[in-house]
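[1] can't give you the sequence, but here's the structure:
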């Protein structure tokens, strides 16, 4: 359903770059699995300064060390760091 809504929004969008962003979102939503969504939520919470115990309570792993795995930088984090460095 969400993928369909993104696709429909892309079809209505006049800005070609924004339309492509919406189509990319639709593709991501179509292929997302619950485990990926869990990781996305955890990483976003941590990026917006949520504390690790808060993320643990939200997602439910029994060990804080398990939740700490979300602190490992992703490929996207690496690409952003390279871009910020101007490389």
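    Arrived safely, thanks for sending. Predicted model only: the values in this text are computed from it and were never measured.
[2] and the longest helix seen in the chain, what other elements does it pack with?
    In the chain, taking DSSP state H as the definition, the longest helix is helix 16-31. In terms of contacts (3 or more CB pairs under 8 Å, 6 or more residues apart in numbering; DSSP states H and E), helix 16-31 is packed against helix 2-12. All C-beta atoms are positioned from the backbone trio N, CA, C, and that covers glycine.
[3] can you give me the angle the helix it packs on makes with helix 16-31?
    Orientation check (axes from the mean of the first three to the mean of the last three CA atoms, to 10 degrees): helix 2-12 against helix 16-31 gives 160 degrees.
[4] Would you mark the buried spots in helix 2-12?
    Neighbour-count burial for helix 2-12, counted by 16 or more other CB atoms under 10 Å, picks out 3, 6, 7, 9, 10.
[5] Contacts for that helix, please.
    Contacting residues not belonging to helix 2-12 are listed as 19, 20, 22, 23, 25, 26, 27, 29, 30 [CB atoms under 8 Å, 6 or more residues apart in numbering].
[6] now the residues you listed as JSON lines including distance to residue 74?
    Putting the contacts of helix 2-12 into JSON lines (distance: CB to CB, whole Å) gives the following:
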{"residue": "19", "distance to residue 74": "26"}
{"residue": "20", "distance to residue 74": "22"}
{"residue": "22", "distance to residue 74": "22"}
{"residue": "23", "distance to residue 74": "22"}
{"residue": "25", "distance to residue 74": "18"}
{"residue": "26", "distance to residue 74": "21"}
{"residue": "27", "distance to residue 74": "18"}
{"residue": "29", "distance to residue 74": "18"}
{"residue": "30", "distance to residue 74": "20"}
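[7] which one of the residues you listed is nearest residue 76?
    Within the contacts of helix 2-12, distances to residue 76 taken as CB to CB reach their minimum at residue 25, with 14.7 Å.
[8] Tell me how far the residue lying closest to residue 73 once chain neighbours are set aside lies from residue 28.
    In space, and not counting its chain neighbours, residue 73 is closest to residue 81: 7.8 Å by CB to CB, 6 or more residues apart in numbering. Per CB to CB, to the nearest Å, residue 81 is found 22 Å from residue 28.
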